[in-house]
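>>> test case, fold it:
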Amino acid sequence: MQLRQQRFNESMLRQFSISFIGAEKCNIIKSKDGQLINADLKLIQLFTKFPYKWSVYIAVFYRDQHGKDYMKSELAILPDYRYQADISEALCDLHMDLAKRGNEKHFVNVGWMASPTGHQWSEEEAASVFDKLGAWSTLAQWEAEEA
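Take a look at the predicted model:
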């Protein structure tokens with residue numbers, strides 16, 4: 001029965017992911033294009049009431065002094081089944097490691113997209129989705145110092 005429920009859930013969630021940017025709340029999006037979904041209670045419950053083996057695209061967003069946006073990113077496959085509410089905890093160290101690799105004066109924001117069905121984004125797909133979600137909408141440290 002449990003395997004059957006898992007397969008049903010994954011078939012229903014195949015095209016959706018969870019996104020998180022900065023201090024915003026989590027959103028349900030279409031995995032391919034980042035379109036925000038106005039989810040009903042059933043869809044929300046499919047994400048939150050069952051554990052999944054998540055694939056997560058984590059990123060740190062930057063902007064250089066020439067105004068060019070860029071990101072440091074990594075695809076992580078979480079090794080065990082987790083509830084959606086427990087994803088952020090698992091990503092904290094990964095985000096910190098990624099942030100150390102970039103220029104802190106260029107730092108703009110952090111974010112992730114998580115798929116319960118193993119969706120994997122290319123860097124170009126992820127950048128496009130993150131851009132739609134407003135990942136680069138805040139000032140970099142150097143911009144704030146100049147303002």
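>>> pretty sure residue 90 sits in a helix.
Yes - the assignment for residue 90 is a helix, going by DSSP: H, G, I helix; E, B strand; the rest coil.
>>> residues in contact with it?
Counting by CB atoms under 8 Å, 6 or more residues apart in numbering, residue 90 makes contact with 56, 78, 82. In short, each C-beta sits where N, CA and C put it, glycine included.
>>> how about stretch 95-115: buried residues?
Residues of stretch 95-115 classed as buried by neighbour count (16 or more other CB atoms under 10 Å): 95, 98, 102, 106-115.
>>> avg pLDDT for it?
Mean pLDDT, computed over stretch 95-115, is 92.
>>> between the two ends of that stretch, how far is it?
17 Å (CA to CA, to the nearest Å).
>>> would you list the phi and psi of the nearest residue to residue 134 once chain neighbours are set aside?
Leaving out its chain neighbours, the residue that sits closest to residue 134 by CB to CB, 6 or more residues apart in numbering is residue 21, at 6.2 Å. For residue 21, the backbone dihedrals (degrees, to the nearest 10) come out as phi -130, psi 120.
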